[in-house]
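Visitor: Sharing a model prediction with you, sequence too.
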Amino acid sequence: CSHEMAAGILKQALAMGMMTEYYHYIFTTLTDAALMYDAVHVVSVAVQQFPQMTVSSLQCNRHKPWRFGTRFMSLIKEAHWEGLTGRITFNKTNGLRTDFDLDVISLKEEGLEKIGTWDPASGLNMTESQKGKPANITDSLSNRSLIVTTILEEPYVLFKKSDKPLYGNDRFEGYCIDLL
């Protein structure tokens, strides 16, 4: 959902008393379009840097690697630029994106506020003051049952594929389920 809709949902949750330390929400932003733009841009730059590259017709029953594949991947891994989603750099070995950071936000009465950051090098860095909060939130949750409400949304929550009938929470899998 949109940034504004997420804020509206959290404000309603606040009005219903569902914004205590016992409730947790995971929202994702609409970054798919920005990520897709950055991906297409990286590929187009690699193509422009390799003008002698040719592509032969695809044969589905042949498992021969593309002769320019290794060089093309090297060009993509060498990308360094500021994209819509932040710094674009890749690990030279595995090709995964590196040198990026994520913002941690919280709904306050005044609206959404950045309360921390996460990056692969230094991990989670919370900048919000933790005054009046228990030292370890897991201690306050000990021996408590929590009710988690969500919707089916791949890859976060989806029905588990199985040959046998599944019941209750065993019917579900996904990123959010793994976090629980």
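Guide: In hand now; what should we look at? Numbers count the residues shown, from 1 in each chain.

Visitor: any idea which strand is longest in this protein?
Guide: Ranked by number of residues, the top strand in the chain under DSSP state E is strand 111-119.

Visitor: what number of residues lie near residue 88?
Guide: 20 (other Cβ atoms under 10 Å). Using the backbone N, CA and C atoms, a C-beta is placed for each residue, glycine as well.

Visitor: picking that back up, sheet partners, orientation included, of the helix or strand following the longest strand of the chain?
Guide: Per DSSP states H and E, the first helix or strand lying C-terminal to strand 111-119 is strand 123-126. Applying DSSP bridges, strand 123-126 is found paired with strand 111-119 (antiparallel).

Visitor: So what touches the strand it pairs with?
Guide: 3, 7, 99-107, 124-128 (Cβ atoms under 8 Å, 6 or more residues apart in numbering).

Visitor: what do you get for stretch 144-156?
Guide: Counting by Cβ under 8 Å, 6+ apart, 22, 24, 26, 28, 157-159, 174-176, 180 sit against stretch 144-156.

Visitor: Now with 6 Å, please.
Guide: 157, 174-176 (Cβ atoms under 6 Å, 6 or more residues apart in numbering).

Visitor: Filter the residues you listed down to the buried ones.
Guide: 157, 174, 176 (16 or more other Cβ atoms under 10 Å).

Visitor: in this structure, which spans are strands?
Guide: Using DSSP E, strands in the chain cover 81-83, 86-90, 97-98, 102-108, 111-119, 123-126, 158-159, 172-173.

Visitor: buried ones in the longest one?
Guide: Right, strand 111-119. Under 16+ other Cβ under 10 Å, strand 111-119 has no buried positions.

Visitor: Please give the centre-to-centre distance between that strand and its chain.
Guide: Centroid separation for strand 111-119 versus its chain: 15 Å, with Cα atoms, centre = their mean, to the nearest Å.

Visitor: any idea of the mean pLDDT for that strand?
Guide: Mean per-residue pLDDT for strand 111-119: 83.

Visitor: Now do that strand and strand 102-108, the angle between them.
Guide: Relative orientation of strand 111-119 versus strand 102-108 (axes from the mean of the first three to the mean of the last three Cα atoms, to 10 degrees): 160 degrees.

Visitor: May I have strand 111-119 exported as PDB, CA atoms only?
Guide: Presented in PDB, the C-alpha positions along strand 111-119 are these (Å, rounded to 0.1, in the frame of the first residue of the first chain):
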ATOM      1  CA  GLY A 111       3.600  11.100  11.400                       C
ATOM      2  CA  LEU A 112       6.300   8.800  10.200                       C
ATOM      3  CA  GLU A 113       9.700   9.400  11.600                       C
ATOM      4  CA  LYS A 114      13.100   7.800  10.800                       C
ATOM      5  CA  ILE A 115      14.300   6.100  14.000                       C
ATOM      6  CA  GLY A 116      17.300   4.200  12.600                       C
ATOM      7  CA  THR A 117      19.200   2.700   9.700                       C
ATOM      8  CA  TRP A 118      20.400  -0.700   8.700                       C
ATOM      9  CA  ASP A 119      23.300  -1.500   6.300                       C
END
